[in-house]
Every structure is written in C-alpha cells, then in structure tokens.
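Engineer: Show me how the following folds:
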Amino acid sequence: MHYVKPYNTTFIISVFLTVFLAVSALGLPVLIQKTLDEHIMLNDYNGLLFMVELMIGLLLIQTIAQYYQTYLTNALGQSVIRDLRIDIFNHITKLRLKYFDRTPIGMLITRTVSDLETIADIFSEGLISIMGDMLLVVAIVIAMLLKDWKLALITLIPMPLLFASTYVFKEAIKSSFQEVRTQVAQLNTFLAEHISGISIIQNFAREHQEMRKFKAVNLKYRDANIRSNWYYSIFFPVVEILFAVCIGLLVWYGCKRILTDQQLTSISATGKPVTPGVILAFIVLLNLLFRPIRQLADKFNTLQMGMVGADRIFKVLDTDEVAVNTGTLKPIRLAGELEFKHVWFAYNDENWVLRDINFHVKPGETLALVGATGAGKSSTINILNRFYEIGKGKVSVDGNDIREYDVDYLRSQIATVIQDVFLFTDTIANNISLNNELITREQIIAAAKDVGAHEFIERLPGGYDYNVMERGATLSAGQAQLISFIRALVYNPAILVLDEATSSVDTETEILIQNAINKLMQGRTAIVIAHRLSTIQNANKIIVLDHGEIKEIGTHQELLRIDDGYYRKLYDLQFNSTGIAR
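Structural biologist: This next block holds a predicted model:
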C-alpha cells in the first residue's frame, strides 16, 4: 500500500465506483419486480415502457461505471508494479556479487516479471474487487430478508454448504498456486541457464539429454497447473448444483404461498404478499448473489498469490547485501596509490581465500598478480572494487580506507578489462559509453583510434551504430576485447585492472591489444592478472600468490634469481618446456 500513495486519487475513485456498482446492482431486481407486479400484471403498456427505459438507463450507467472501475483498477495495478519493478531492478544492480553467487538468475527474473504481475492482480482482480463482491453479497442478503424474510431463509438454506465448499476450495487452490509459482521459477531458472550455455550443450552434443531434463521440469509445471484446474473442475459444478437447489427451494416455497388459499387471505411477515414479481426479483437476486460467490474464492487466491508474490519481491528488496555506502570522499582525481595491510578475505565464514595480504603500489606503477587457478588473484580485484567486503585488515587508496570513498565514485575510478568480455544487445557506441550521456561520440572515436580499433569498427555495417547482438555474438573474441579496452579508456580511470585480457585471441589482434594496454597504462596505476608471464615482464612489481598467501614479491629479474622459487618454476614450466630460452 506504500506504493499506492502516489495514486491515492485513482485508488479512492476505484473504491467509490466499486461500492456504487455493488449498490446499484440491487436496482435491477427492484425495477423488474415493479415492472411485473405493477405494469405487466395490470396491462399498463405505458408504465412498462417507462420501466424498460429506467432499466436501460441503469444498465448504461453501470456499464460506464464498470468501464472506469476496470480501467482505473488495472491502471493502478500497472502503475504500482512499474514503480516496484524500477525499485527492484535498482536494488538488484546494487547487490554484492556474493548474492548472485548463490541466487539463480532465473529466480530473479521470475521475481521481477511474473511475481510482479501477481501484485497487479491484487488491484484489478483482488483487493478492490473482493471488497465490491463482499459488499454485494451482504447487500443482496439484506435486500432478500427485507423483501420477505421467510422466503429468504428458505431460499438460502444451501448457503452454509456453499460457504464451506468455498473455503475448502480457497485453501486447496492456494497450495496449488504456490506450487505453480515455484515451478515457474524452476522453469525460468532452467531456461536462463541452458540458453546462456547453449554453446556448451551443442559442443558436447548434449541436446537430447538436456531436452529430457527440460521435459521433466516442464512436466512438473504442467502437473501443478492441472492440479489447480482439477480443483476448479470440482468447485464450479458444486456451486451450480447449490444454485439450482436454491432456485428449486425458491420456486417451491414461493409458488406454494402464492397458490394456497392461506396465501390469498394473508400477507407475509413483511406486510406484503408474495407476488410473481417478488419470485422473479428473488431469482435475479440469486443470480447476482452466486455470481460473486463463484469468483470470490478465486479472487481470494488471487489476493493471496499477490501477497505471496509481494512477500518474495520484498524479500529481495529487503536483502541488505549491498556495499555499505557511508563514504563521502569524492576527490577530483585519484592518484592511484594502493595499499593492502594484513588483508584477510573469505567468501564463506572463515574459509579464507586471502591470508594476510600486504603490498604497496605507488601511483603510475604496474603490479602483476600471478599464481595457479584459485590462488586468490581475482579475489584481490573484487575486494578493491568493494564487490565483497574483507574480513580483516585494511585496503587503502591514496592513503584513505576504501570504505571512506563513495562506492559509485570509487568504482568509476577503477576500470576492469576481463577475459570474458560482456557486451549488451546494443550498438558499439552504446556498449563503449554504456549510455553515459556525458561521453560524446567524438570521445568514443578518439579512444577507438588510440586503441587501434577505429578501422575495424568503420568497416562494420553502420560503423559505431552496428548492433553487436546479445553478448557480442556478431563480433570475434578479439574484437569484443578491443571494445572493452575502448570502454576502459573513454572512462579515463585512475586505476586499471587487466584480468588475463590478452588470452584467447589471435596474434594480430594480440598485437593491437598489447598496444591498447600500453596506451591505457600511461599515467595510470595498473594491476595485471596474467597466466602468460611474457605479458608482465616489465611490471614494476610481481606478486606470486599460492592458496591465498603471498609467496614472493619482486621484479621479473629478481624473482628469476630465486632458485626453486614459485615464479622461477612457473617461468620454466611455460618457457623451457617449449624450448624457449630465457
């Protein structure tokens, strides 16, 4: 309801129209009764025409009110989920990477799309609609009792059974709907994962095996839907049977009172005789009574599913796994001095990935991190960007703890170029600028020329407006890598991080990339993660990591002079085994 506040006027009008529709629904049975008893039975043709005109007028008014009520409640629901979707996407983009490590992407898609749609149903088919239906049920029962309480009580004998069956249906359908939502999330997760990894599936000819898995997931989703439909197939016939019983009791008791001699000489407890018009009015009222009751259980479950969806969504919104942004430092420019002091870091509890890491990098220097897979190289970069928080120690930039900097500012000063380049389904220009309005087309072209990628971009259809499609599928790995270098250069960072940026490319492209790296490193502090030691020989400082610990620190030549050293072994393994001399 917090999200309804900006649309209070729409909400109030919707409620008013709902109440009006519930009350005005009682007008038609009254008019029908008067038409039959006071005009048709008395052969009053002019009176009949007048009553027909009144009924048509009432129907027109109800139609207009129903139109606006339906339109406004749906507009209200869509406005609320628009605002909610913006908030949840904004929140998701600020969550730490740790959250995504254990949360399936398909689940987040379900929360942002499907679960939000159930919240829209709260307004269009749930909360306001339930209020109107319940008000209509109460109003109809009161109207029937006021017309003839004896006839009303006889007619409504099956109602306790109807309400009991409605409650049972509501509880049963609730559990089945929850299962449907769970299976939707599972299906979305499966699809997101397998479509993203389609190349692996095809490379290893796993299409048939993965199809079997998909069929199993899809079967569970189908079964969950069939289970909910099964409850409907029982409930609605029960309602129709009870409705028929009510009509039967009405006709039996009402006609009995009309036809007996006692009825001809006496009047009902209301002071009015039971007439054909009363019987017909009761039939119309019963139709009006059963119509919302048929839908009430379904609408209660719509409301419940909306609440379940809201609960899931607010669990994501209430997730506090965001980088605590209490820092205020935003200097005009960082010098790029880095220092790690006794840094310990773990992804889970105290299973330390980094252990007592200490190093210092002066502004403009290049630091290289080497080591086997899992040594802690990428973790070092992740905590520098504050994607994860350290367990112990201190990380400083220009002498200040990184937590003293505004998170957005800190990350804007650090450009990271990774091996697995991610490009969005957009133009080359937008993938470079990331739709930053402060970056002009001229700056993009200038950066592309500096990197040496301008010529290949110009040869593409549309040049800088060429759409690279999802994840840069229409570009080669080397071309995508060059785009990432242009992106880094155009943002003019103070600190540059290169995570194995020259791997998986051909020799010609590697020369271009190496030139791009040299251009990027000018006047910037750089951290280079590399498996190929040939790319880091000119680094000012090389750190050898092993199982999260620093084993050696020094320049290329200093580390080679250490007999049986980690770096020396890595170097010999890469170069001597291929017959390349040092």
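Engineer: Now for the protein, the helix or strand with the poorest mean pLDDT.
Structural biologist: Across the helices and strands of the chain, mean confidence by mean pLDDT, DSSP states H and E is lowest for helix 261-265: a mean of 46.
Engineer: what about the strands in this structure?
Structural biologist: Taking DSSP state E as the criterion, the chain carries its strands at 338-346, 352-361, 366-370, 392-397, 400-401, 414-418, 495-499, 525-529, 541-546, 549-554.
Engineer: OK, contacts around residue 28?
Structural biologist: 55, 58-59, 284, 288 (CB atoms under 8 Å, 6 or more residues apart in numbering). All C-beta spots, glycine's among them, are computed from the backbone N, C-alpha and C.
Engineer: Now restrict those residues to buried residues only.
Structural biologist: Those of the contacts of residue 28 that meet the buried threshold are 58, 284, 288, by 16 or more other CB atoms under 10 Å.
Engineer: could you measure the first one against residue 50, distance?
Structural biologist: As defined by CB to CB, to the nearest Å, residue 58 lies at a distance of 13 Å from residue 50.
Engineer: same check, this time on the last one
Structural biologist: Distance of residue 288 to residue 50, given as CB to CB: 23 Å.
Engineer: got it, and the second one?
Structural biologist: Remark: distance between residue 284 and residue 50 (CB to CB) = 19 Å.
Engineer: Need the buried ones among the contacts of residue 28 in TSV (columns: pLDDT).
Structural biologist: Putting the buried ones among the contacts of residue 28 into TSV (pLDDT from 0 to 100) gives the following:
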residue	pLDDT
58	92
284	89
288	85
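Engineer: Which members of the residues you listed are positioned in helices?
Structural biologist: 58, 284, 288 (DSSP state H).
Engineer: Identify the residue nearest the first one in space, chain neighbours excluded?
Structural biologist: The spatial neighbour of residue 58 that comes closest, neighbours along the chain excluded (CB to CB, 6 or more residues apart in numbering), is residue 27 at 5.2 Å.
Engineer: just the second one next, same as before
Structural biologist: Among residues not flanking residue 284 along the chain, residue 29 sits closest, at 4.3 Å (CB to CB, 6+ apart).
Engineer: is it true that the one you found touches residue 139?
Structural biologist: No: the criterion here is CB atoms under 8 Å, and residue 29 misses it with residue 139 at 11.0 Å.
Engineer: Pick out the residue closest to the middle of this protein.
Structural biologist: Nearest residue to the geometric centre of the chain (CA atoms, centre = their mean): residue 112, 1.3 Å.
Engineer: where's it relative to residue 88, distance?
Structural biologist: In this view, residue 112 and residue 88 are 6 Å apart by CB to CB.
Engineer: any idea how far the closest residue to residue 390 other than its chain neighbours lies from residue 388?
Structural biologist: Counting by CB to CB, 6+ apart, residue 345 is the residue found nearest to residue 390 once chain neighbours are left out, at 5.0 Å. Relative to residue 388, residue 345 is positioned 7 Å away (CB to CB).
Engineer: More neighbours: which of those two?
Structural biologist: Using other CB atoms under 10 Å, the more surrounded residue of residue 345 and residue 388 is residue 345, with 22 against 19.
Engineer: My guess is that one contacts residue 383. True?
Structural biologist: Yes: between residue 345 and residue 383 there is a contact at 5.6 Å, judged by CB under 8 Å.
Engineer: Give me the common contacts of those two.
Structural biologist: 354, 390.
Engineer: number of nearby residues for residue 230?
Structural biologist: Neighbour tally, residue 230, other CB under 10 Å: 13.
Engineer: Over to the one 10 residues further on?
Structural biologist: Here the count is done by other CB under 10 Å, and residue 240 has 12 residues near it.
Engineer: for the stretch 101-250 of the chain, what are the low-confidence residue spans?
Structural biologist: When residues are selected by pLDDT under 70, those of the stretch 101-250 of the chain lie in 124-126.
Engineer: again, 90 this time
Structural biologist: Across the stretch 101-250 of the chain, the ranges flagged by pLDDT under 90 are 101-153, 155-156, 159-160, 162-214, 217, 220-240, 243, 247, 250.
Engineer: rewinding a little: the residue nearest to the centre of the chain and residue 306: what is the separation?
Structural biologist: For residue 112, the distance to residue 306 - CB to CB - is 15 Å.
Engineer: what do you get for residue 432?
Structural biologist: Residue 432 is 42 Å from residue 306, by CB to CB.
Engineer: So the two - more neighbours on which side?
Structural biologist: Set side by side, residue 432 and residue 306 show more neighbours around residue 432, with 30 against 24, by other CB under 10 Å.
Engineer: For residue 425, list the residues it contacts.
Structural biologist: 467-470.
Engineer: How about residue 72, nearest residue that isn't a chain neighbour?
Structural biologist: residue 14 (4.6 Å).
Engineer: Quick check, that neighbour in contact with residue 73.
Structural biologist: Yes: counting by CB under 8 Å, residue 73 is a contact partner of residue 14 at 4.9 Å.
Engineer: residues in contact with residue 500?
Structural biologist: Contacts of residue 500 by CB under 8 Å, 6+ apart are 418-419, 529-531.
Engineer: need the contacts of residue 28 in JSON lines with distance to residue 373, can you?
Structural biologist: Compiled in JSON lines, the contacts of residue 28 are given as follows (distance: CB to CB, whole Å):
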{"residue": "55", "distance to residue 373": "80"}
{"residue": "58", "distance to residue 373": "77"}
{"residue": "59", "distance to residue 373": "75"}
{"residue": "284", "distance to residue 373": "77"}
{"residue": "288", "distance to residue 373": "71"}
